[in-house]
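what's the 3D shape of this:
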Amino acid sequence: MKNGKMILTMAALIAIGVGAVEPARADDKNSNIGLKLNLGLGVQDVPQAQNLEKGDAAALSLGYGVSQRVTLWLGVDLSKHRHEQIADLESHLAGLEFGVQYKFMPHERFRPYGKFGVGAFALGTEATDTVLSGAGFTWGLGAEYRLARFLAVGAEVFWKDFDYTQRRIGEDNDFEELPDPISGNARGILINFTLH
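Numbers count the residues shown, from 1 in each chain. Predicted coordinates for the structure are as follows:
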């Protein structure tokens, strides 16, 4: 059932992006249309129940501006977190996300935006050889400033709303369904560098 919702959400996101196509203005030096690459660096916080500290985060995304307002993004992100009770123990949270970004002032140099997407996530702890996996939704609010025709910098606050539903213990074992999902909700902030 949850997979059906995820597929339906992805189809809706694509339809919104394709339906928002508008032509570029001939004098628009700040055009949003076309291929772009984004690198984000920042911090990410995970639920207290997992006893993990706030950790460094990085994201790399490939996007395509389908209109002046809408960009479709496909990206990977990674963060590392030390355990609060065992300082030498470290976990890594990785994600694969597809999202739609909507710019509110697309023809200006300063452009605030909102983002919505879906993602699959995995939390691994190498020392215990344990991996939790799940899927859910992502939200983001941010703004970018166009420094030059092909370069923008910005900041984004994000939220990830998902549950871990599967667990694997041991590298050679299969994933098993968890009897009760574990909250994986995360939030953080990224400083973004975007090449257009």
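
Nearest residue to the residue nearest the centre of the chain in space, please, no chain neighbours.
Centroid-nearest residue in the chain: E97, 5.2 Å away (criterion: CA atoms, centre = their mean). Leaving aside its sequence neighbours, E97 sits nearest to G119 (CB to CB, 6 or more residues apart in numbering; 3.7 Å). No exception for glycine: its C-beta is placed from N, CA and C like everyone else's.

quick one, what contacts that neighbour?
Counting by CB atoms under 8 Å, 6 or more residues apart in numbering, G119 touches 95-99, 135-138, 160, 162.

Any regions of this structure where pLDDT drops low?
1-29 (pLDDT under 70).

mind listing the helices in it by residue range?
2-19 (DSSP state H).

burial count for L62?
By the criterion of other CB atoms under 10 Å, L62 has 13 neighbours.

in the sheet, who's paired with the nearest residue to it once chain neighbours are set aside?
What sits nearest to L62 in space, not counting adjacent residues and going by CB to CB, 6+ apart, is L74, at 5.5 Å. Beta bridges link L74 to L62, F98 when assigned by DSSP bridges.

Would you check how far apart L74 and N185 are?
Separation of L74 from N185 (CB to CB, to the nearest Å): 22 Å.

Count the residues that sit near F110.
Neighbours of F110 (other CB under 10 Å): 12.

So what sits opposite the closest residue to it other than its chain neighbours in the bridge?
The shortest distance from F110 to any non-neighbouring residue, by CB to CB, 6+ apart, is to Y145 (5.2 Å). With DSSP bridges as the criterion, Y145 is bridged to F110, V153.

Pull the contacting residues for Y145.
109-111, 152-154.

Over to Y164?
121, 123, 132-134, 178, 181-184.

and those residues, which are buried?
Burial by neighbour count, judged by 16 or more other CB atoms under 10 Å, picks out 121, 123, 132-134, 183-184 from the contacts of Y164.

This structure: strands as residue ranges?
For the chain, the strands defined by DSSP state E cover 34-45, 55-65, 70-82, 90-103, 110-125, 130-148, 151-169, 176-183, 186-195.
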